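Q: the amino acid sequence is not available; the structure is as follows:
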């Protein structure tokens, strides 16, 4: 492979799907408008707990354009899916639409109006009269624990004697942290367009981060072979995890389309995206840490409780990072859940790790100060050199270098440790830091690559691009193997009829997809070489292994022929290859590492807090595309600012009703809130993980960021905020005099 070919890996090339998106040629789920399309609009519960006692549709049926109205008493019988990720048929809310008359959360589907236009469906839905028999709602985590207690969760771990070591330690802390419900709020709302053909085959366009898993789940629900279902999601307006699994609206859309014998579209309104398509659950995390006289951790306990629904058990594994990030001989991680009247939670960017590292990295900061050690040095002294939870070496770990490089770039050495001591004009400057961490995963994957006689290459895989740049890095992998320029490569993703690919979540799409794509490209080249050395081939009589690949051509004994010339000579239209790759082996612990350094500025005169500067150093193995990788970290940092300072879905404690379920009152960062961001990508290939040495990058950037903000706020103000978000009301007191930090 020439240096010219190899240089495509790591290059910051523009996204190949960018022109289609800018020109409006990229069709998202709701953009698909088949002939004779009908439109659905939901009727959503206005109580959080109870049941539907009466539902009147007479007035609604008389509204213009109404085709039918579906509800518990008028809906086709469906089957449940076992909902197993291992089996590839997972849904997050296992209760089927309109399965019974129970109401488990406000905003639950209780009816669905179908009409000849969106406007008519919406107008009629507002004329459906629903009477409820309401029960007292369990509105939040504390009420859930009091009313229902807790249930044991998964992901627990224990080693040594954490309680005993805690009692005998030189220094210790015992603190509790809380994180609120966060809602994903991608720009593209959840939407489905479904239709059935005359042979009973289902086609559904859905905003899905997992077309294969959705196909398999719908196969179980409708009791038909998966080969008769095609799920399309070529473009997705992000999802942050909310679009990983199939939700009730997609199932209902497919069901009513079959009943009516025509295509149906259903778009979930923004308000119901706060209720019926998942969220990051509320957590309460107790942290007990202890050190010896040298500032080394001797005991660590991380005990987390998260809210879940009354229909499903969802565990937010907050201690998933705690088990292995720091070296500690005595450690306990436990997870519990408590049921509340909210929809089922789901994965949200860096599930478990994002709220878990807020607690862990805040506690590490508090422990460092209690032990009298600089927070940076404390981390360097305590980082784990191997995964003590699995008793395995890390496949690659450069967290020490990442931390030191970020600290140097940030200027941590200039930090005055006294609280409130760093000032610039009216503003008090605070410095904070935190480690970031995320597991590296690689799943089985299939791919197909076709080298065509017209000089182009076609590559396909049933994974998805949710806006992260997957189209582009797939093309880069094809170009890397074949030498064909990117503008001659067509990539097709997001279709369940393509070779099976992974979900777009968990930061495993890159590590999973690229080896399969590269393998398929090599298989296509093998076939091309056989054509070239066959009876009519340009290199007839040569051995295929003696041919080299150079910039879209084959070379042998000083002679070179383009792929097109090879295929024309053999009279073939294409050379094709398919490949299957397996999950990563278990020889090592595979994780990604990094560190955030944050500067905040606090103006006590006007009670104004802002994050002004962030330096993040990230170790995610080989960087495939420098531009899209850096963009992923920058976006995660901004999302982390939202987590730290703004975001919280608020519920009325009396009835469980979400009260800020819109873009006006659910506050997220805007351009004016974005800090100066400096991203350092270490770029050390992890070749034990896959042939490119690449690990995922989508999740890690948000982990630890909220803690780094909180630690900086403490340095500036002396206030240790242990409950997110860090809102101004929690800071509006006199700033303490300078004191040792």
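A: Perfect, thanks for sending it. Keep in mind the model is a prediction, meaning the values are calculated, not measured.

Q: which residues of the stretch 251-400 of the chain fall in helices?
A: Here the stretch 251-400 of the chain has its helices, by DSSP state H, counting those that start in this stretch, at 353-371, 375-382, 399-410.

Q: mind putting those into TSV with mean neighbour count and distance to residue 248?
A: C-beta here means a position set from N, CA and C on the backbone, and glycine is covered the same way. Shown next, in TSV, are these (neighbours: other CB atoms under 10 Å; distance: least, CB to CB, whole Å):
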stretch	mean neighbour count	distance to residue 248
helix 353-371	26	26
helix 375-382	20	44
helix 399-410	19	42
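
Q: as a markdown table, these with distance to residue 111 would be great.
A: Shown next, in a markdown table, are these (distance: least, CB to CB, whole Å):
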| stretch | distance to residue 111 |
| --- | --- |
| helix 353-371 | 35 |
| helix 375-382 | 54 |
| helix 399-410 | 52 |
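
Q: now mean pLDDT too, for these, in a markdown table please.
A: Below are these laid out as a markdown table (pLDDT from 0 to 100):
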| stretch | mean pLDDT |
| --- | --- |
| helix 353-371 | 98 |
| helix 375-382 | 98 |
| helix 399-410 | 98 |
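
Q: looking at the ones you listed, which is nearest to residue 547?
A: Ranking the helices of the stretch 251-400 of the chain by proximity to residue 547 (CB to CB) places helix 399-410 first, at 41.3 Å.

Q: so that closest one versus helix 375-382, what angle?
A: If you take axes from the mean of the first three to the mean of the last three CA atoms, to 10 degrees, helix 399-410 sits at 170 degrees to helix 375-382.

Q: so what strands line up beside the helix or strand just after helix 399-410?
A: Of the helices and strands lying after helix 399-410 in sequence (DSSP states H and E), the nearest is strand 423-424. Using DSSP bridges, the strands paired with strand 423-424 are strand 427-439 (antiparallel).

Q: quick one, helices of the stretch 51-200 of the chain?
A: With DSSP H, counting those that start in this stretch as the criterion, the stretch 51-200 of the chain has helices spanning 58-61, 118-125, 141-148, 162-167.

Q: gap between the first one and the chain center?
A: Distance, stretch centre to chain centre, for helix 58-61: 41 Å (CA atoms, centre = their mean, to the nearest Å).

Q: against which helices or strands is it packed?
A: Under the contact criterion of 3 or more CB pairs under 8 Å, 6 or more residues apart in numbering; DSSP states H and E, helix 58-61 touches strand 66-71, helix 118-125.

Q: residues making contact with that helix?
A: 66, 69, 113, 124, 125, 127, 128, 129 (CB atoms under 8 Å, 6 or more residues apart in numbering).

Q: compare those and tell me which is most surrounded.
A: residue 113 (30 neighbours; other CB atoms under 10 Å).

Q: show me where the stretch 451-600 of the chain has helices.
A: Going by DSSP H, counting those that start in this stretch, the stretch 451-600 of the chain shows helices at 470-482, 509-533, 563-570.

Q: now the second one: buried residues?
A: Looking back up the chat, that one is helix 509-533. 509-521, 523-525, 527-529, 531-533 (16 or more other CB atoms under 10 Å).

Q: what's near enough to touch the nearest residue to residue 624 once chain neighbours are set aside?
A: Once flanking residues are discounted, residue 624 sits nearest to residue 473: 4.6 Å by CB to CB, 6 or more residues apart in numbering. By CB under 8 Å, 6+ apart, the contact set of residue 473 is 510, 514, 624, 625, 628.

Q: among these, which two are most distant?
A: Maximum distance among the contacts of residue 473 (CB to CB): 13.1 Å, for 514 and 628.

Q: mind giving me the domain split of this structure?
A: The chain breaks down by automatic domain parsing into domains covering 3-26+442-581, 32-135+187-237+243-274, 283-440+587-730.

Q: of those domains, which approaches residue 172 most closely?
A: Short answer: domain 283-440+587-730, nearest of the domains of the chain by CB to CB, at 3.9 Å.

Q: end to end, how far does the closest one reach?
A: 19 Å (CA to CA, to the nearest Å).

Q: swap in stretch 558-576?
A: Its start and end residues considered, stretch 558-576 measures 26 Å (CA to CA).

Q: ok, now stretch 569-588?
A: 48 Å.

Q: winner for burial among the domains of the chain?
A: domain 283-440+587-730 (a mean of 22; mean count of other CB atoms under 10 Å).

Q: what's stretch 476-484 in contact with?
A: So stretch 476-484 is contacted by 1-2, 4-6, 8-9, 11, 13, 449, 451, 455-457, 459, 485-486, 489, 491, 514, 517-518, 521-522, 524-525, 549-553, 563, 624-625, 692 (CB under 8 Å, 6+ apart).

Q: excluding chain neighbours, what is closest to residue 557?
A: Nearest non-adjacent residue to residue 557, counting by CB to CB, 6+ apart: residue 542, 7.4 Å away.

Q: who touches that neighbour in this structure?
A: Residue 542 neighbours (CB under 8 Å, 6+ apart): 532, 533, 556, 557.

Q: turn those into a markdown table, including distance to residue 701 and pLDDT.
A: A markdown table is the format used below for those (distance: CB to CB, whole Å; pLDDT from 0 to 100):
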| residue | distance to residue 701 | pLDDT |
| --- | --- | --- |
| 532 | 45 | 97 |
| 533 | 48 | 97 |
| 556 | 46 | 96 |
| 557 | 50 | 93 |
